[in-house]
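[1] Quick one, what's the 3D model for this:
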Amino acid sequence: MSTDITEKLHRLAFTPMRTQPPNATRPILEQAAKEVEVVDGGKVVHYLWGEGERRILLVHGWAGNAGHLTVLADALVRAGCAVVVADLPGHGESEGERSSVIHFARAVEAADKRYGPFHAVVAHSMGAAATTYAMSRGVTLERAVFINPISSYTSLWRRSGEVMQVSPEAIALVRSRAEEWLDISFDAIEPAVVARDFTSRLLVVHDENDPESPITDSETLVAAWERGELMRVRDLGHTRVLRDDAVVRRAVDFLTAGGTGDGAAGDGPAGR
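    Numbering: from 1, shown residues only. Take a look at the predicted model:
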């Protein structure tokens with residue numbers, strides 16, 4: 001494969017499609033305070049709600065934006081939490097043309113430094129993989145809720161090759177180019193690998209028929225995460241699950257269990 005074609009596929013893989021917040025959630029988004037942080041030279045927009053002691057960070061997925069998480073944000077604020085959501089690099093109102101799980105993770109780390117320490121994170125899809133990586137680099141949480149997470153880069157690259165309609169050999173070249181660009185090894189930062197030392201509580205909510213991420217990958221992640229549990233759902237799709245009443249209630253209950261303050265009763269020390 002020529003260098004030009006590899007570079008074209010690289011751009012295709014790492015240039016997110018910008019989407020607009022859903023019309024139904026715009027009123028909630030408009031109620032938030034907005035602040036801008038510069039991350040890796042680009043502006044990242046943050047949305048803030050609530051003034052509770054328990055601070056929660058919400059992290060959207062690839063081609064998503066803060067508006068996709070406002071139903072969860074509203075429910076958490078009503079439960080007494082302070083909530084921060086960012087439009088991640090290359091998404092929503094934030095700057096950037098190309099992005100990646102590493103760009104996402106750096107934004108999570110920057111939010112933690114500016115607004116943390118966070119009691120917990122709720123992360124969707126690619127945002128969950130980025131959160132796992134950020135936790136391996138020192139972001140400390142008591143609890144995490146991952147919704148339809150990307151839990152395996154092996155599966156992600158295989159699916160990327162299918163979407164781009166290229167051979168496994170071609171996608172391997174694109175993956176190698178990406179590792180050089182990001183200065184990482186995807187095998188070394190595989191979520192189930194880095195999660196083995198985590199002591200925080202994890203709830204994974206995964207649709208059994210999610211077309212974007214196989215539930216078997218989340219089963220592997222939960223098995224590796226010492227205090228992980230899996231909630232299986234059906235027929236909620238990859239993003240509609242974020243607005244499902246039962247899922248929102250379960251996430252809020254999980255995140256607000258125990259007393260107020262930095263940690264829930266019985267959680268023990270905060271951990272990665």
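
[2] Now do residue 105 against residue 249, distance only.
    Distance, residue 105 to residue 249, using Cβ to Cβ, to the nearest Å: 29 Å. (Glycine included, C-beta is placed from N, CA and C.)

[3] Which of these two has more residues huddled nearby?
    residue 105 (25 against 12; other Cβ atoms under 10 Å).

[4] quick one: which helix or strand includes residue 255?
    If you go by DSSP states H and E, residue 255 is part of helix 245-256.

[5] What are the buried residues along that helix?
    247-248, 250-252, 254-256 (16 or more other Cβ atoms under 10 Å).

[6] cool, and stretch 131-148?
    Buried, per 16+ other Cβ under 10 Å, within stretch 131-148: 131-136, 139, 141-148.

[7] What of stretch 29-41?
    29, 32, 37, 39.

[8] Out of those, which comes closest to residue 111?
    Residue 111 lies nearest to residue 37 out of the buried residues of stretch 29-41, by Cβ to Cβ, at 7.4 Å.

[9] what's the closest non-adjacent residue to that closest one?
    Leaving aside its sequence neighbours, residue 37 sits nearest to residue 44 (Cβ to Cβ, 6 or more residues apart in numbering; 5.1 Å).

[10] Torsion angles phi and psi at that neighbour?
    Here is the backbone geometry of residue 44 (degrees, to the nearest 10): phi -120, psi 130.

[11] Kindly provide the distance from it to residue 166.
    31 Å.

[12] hang on, residue 221 in a helix?
    Yes. Remark: residue 221 belongs to a helix, assigned using DSSP: H, G, I helix; E, B strand; the rest coil.

[13] Was I right to think it contacts residue 144?
    No. Contact criterion Cβ atoms under 8 Å: residue 221 and residue 144 do not qualify, at 11.0 Å.

[14] Just the buried residues of stretch 131-148: which are in strands?
    Using DSSP state E, the subset of the buried residues of stretch 131-148 located in strands is 143-147.

[15] For the stretch 1-150 of the chain, give me the ranges with low pLDDT.
    The stretch 1-150 of the chain contains residues with pLDDT under 70 at 1-2.

[16] what's around residue 10, how many residues?
    The burial count for residue 10: 17, using other Cβ under 10 Å.

[17] before we move on, back to that, out of the buried residues of helix 245-256, give me the two with the largest separation.
    247 and 256 (15.0 Å).

[18] How about the contacts made by residue 98?
    11, 14-15, 90 (Cβ atoms under 8 Å, 6 or more residues apart in numbering).

[19] measure it to residue 181 for me?
    Per Cβ to Cβ, residue 98 is found 9 Å from residue 181.

[20] go on, residue 191?
    Between residue 191 and residue 181 the computed distance is 20 Å (Cβ to Cβ).

[21] now swap in residue 25 and tell me
    In this structure, residue 25 and residue 181 are 33 Å apart, going by Cβ to Cβ.

[22] How about residue 93?
    Counting by Cβ to Cβ, the gap from residue 93 to residue 181 is 25 Å.

[23] which residues in the stretch 101-250 of the chain form helices?
    101-115, 126-136, 153-164, 168-182, 191-194, 215-224, 245-256 (DSSP state H, counting those that start in this stretch).

[24] from what I can see the residue nearest to residue 37 touches residue 59, true?
    No. In this structure residue 44 lies outside contact range of residue 59 using Cβ under 8 Å: 12.0 Å.

[25] doesn't residue 47 fall inside a strand?
    Yes. Assessed with three-state DSSP, residue 47 lies in a strand.
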